[in-house]
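Participant: Everything below, folded, please.
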Amino acid sequence: MTTPASRPVPPVAASPLNLRGAVDLSALKQRPAPAAPGPAASGAAGSAAAPAPEAAEHGRPLRVDVTEGNFQELVQLSAQVPVVIALWATYSPGSDQLVDVLERIVESYDGRLVLGAADIDVFPELAQAFQVQAVPTAVAVVKGQPVPLFQGGADEQQIRSLFDELLKVAAANGVTGQIGAGAPGAGEPEAPPLPPLHQEAFDAIEAGDYAAAAAAYRQALTEMPTDAEAKAGLAQVELMERLQSFSGPEADALRRLAADEPDNLEAQLGVADLDIAGGHIEDGLGRIVTFIGRNFGPERETARVRLLELFDVVGTGDERVAKARQGLARVLF
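Facilitator: You can find the predicted model right below:
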């Protein structure tokens, strides 16, 4: 493997995340894995034995050493939770430190993420599949599809921002699971139960019934109009419900229609949904702001309301939402 060690470079935190279907991960066949030494013994990537991916479901750490023998199990697991893959090498000084940081951050997400650490000298096919140019590199897998994260070094705040966006991309694609972390009986406090209507919505999402989830969140808002989590949850499941009507060919046709008819409200809103779901946040929000600036009357108000809903999907504290709010204020006043 001749991939060079990478100097720390800024991660692509400002770039949109999206599922990338060009890489066929199923081509990496499951074979018995060779024993592999880790990097420096002081680093997290230096743990000796690799627990099977399913071990996390039984209360073990959310960290897996990726091998040829267990990689396809991780791909399957990515239909339940996003799997972050850290590709490292013993010759890369920053590898063990990055895996340490990633493991600590992943554990703080309470089972909504799983970390896989892959030595590219032991498993070079994986680096080739992900088109890795330098190490360390971090990518993710969601529903079997790769999601580029960053190459080189990244600080904790940047990584958390990327992981937050990764979870939004995963949720938009129906991946909302959670895997238990920590050994059984370890005495860690259990998470408080969700309010009944929130639990009802969560169960409906797990079952793929977005209409029922939306109804539960609406009822929660009726009972408590200030329930911010219900408001955000409603916006998210309504987005997922709308996306169910788009297949690949239909999405392509919709994009062509939106390009040909910039004042077609339904086309512009539909493409904005696709952009948000694919991680193209600025494109999606900016598309609606531009439509509002060109149109008046009921259609303008419909677009404005949808934009506010998408703000809740992305997160009201997100800097891209703040930028879109400024753009909205300019076209309205």
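Participant: so where is the protein shaky, pLDDT-wise?
Facilitator: For the chain, applying pLDDT under 70 flags the ranges 1-61, 180-192, 247-248.
Participant: need the helices for it, in chain order.
Facilitator: For the chain, applying DSSP state H gives helices covering 71-77, 95-107, 124-129, 156-172, 196-206, 210-223, 228-243, 248-260, 265-277, 281-294, 298-314, 319-332.
Participant: Compare the ones you listed and give me the one nearest residue 135.
Facilitator: For residue 135, the closest of those is helix 95-107, at 6.2 Å, according to Cβ to Cβ. Placement of C-beta: from N, CA and C, glycine included.
Participant: Tell me the helices and strands packed up against that closest one.
Facilitator: With contacts defined as 3 or more Cβ pairs under 8 Å, 6 or more residues apart in numbering; DSSP states H and E, helix 95-107 has these neighbours: strand 63-65, strand 83-88, strand 114-119, helix 156-172.
Participant: Just send the ones you listed back as a markdown table, with distance to residue 220 too.
Facilitator: A markdown table is the format used below for the helices and strands packed on helix 95-107 (distance: least, Cβ to Cβ, whole Å):
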| stretch | distance to residue 220 |
| --- | --- |
| strand 63-65 | 35 |
| strand 83-88 | 31 |
| strand 114-119 | 30 |
| helix 156-172 | 18 |
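Participant: what's the closest of these to residue 144?
Facilitator: Proximity to residue 144 (Cβ to Cβ) singles out strand 83-88 among those, at 9.8 Å.
Participant: Okay, now the sheet partners of that closest one, with direction.
Facilitator: Its sheet considered, strand 83-88 pairs with strand 114-119 (parallel), strand 137-142 (antiparallel) by DSSP bridges.
Participant: thinking again about what came up before, of all the helices of the chain, which one comes closest to residue 89?
Facilitator: Across those, residue 89 has its closest neighbour in helix 95-107 (5.9 Å, Cβ to Cβ).
Participant: quick one: that closest one to chain centroid distance?
Facilitator: Remark: helix 95-107 is offset 18 Å from the chain centroid, using Cα atoms, centre = their mean, to the nearest Å.
Participant: Tell me what angle that helix forms with strand 114-119.
Facilitator: With axes from the mean of the first three to the mean of the last three Cα atoms, to 10 degrees applied, the angle from helix 95-107 to strand 114-119 works out at 170 degrees.
Participant: Would you mark the buried spots in helix 95-107?
Facilitator: Neighbour-count burial for helix 95-107 flags 95-103, 105-107 (criterion: 16 or more other Cβ atoms under 10 Å).
Participant: Tell me what angle it forms with helix 156-172.
Facilitator: Using the same axes, to 10 degrees: helix 95-107 against helix 156-172 is 50 degrees.
Participant: follow-up on the earlier one: can you say which of the helices and strands packed on helix 95-107 is nearest to residue 136?
Facilitator: Evaluated over these, closeness to residue 136 peaks at strand 83-88, with 5.0 Å, by Cβ to Cβ.
Participant: Would you mind writing the CA trace of the closest one as CSV?
Facilitator: Below are the C-alpha coordinates for strand 83-88, written out as CSV (Å, rounded to 0.1, in the frame of the first residue of the first chain):
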residue,chain,number,x,y,z
VAL,A,83,-21.0,3.3,10.8
VAL,A,84,-18.1,5.7,10.9
ILE,A,85,-15.0,4.1,9.4
ALA,A,86,-11.5,5.4,10.4
LEU,A,87,-8.9,4.3,7.9
TRP,A,88,-5.4,4.4,9.5
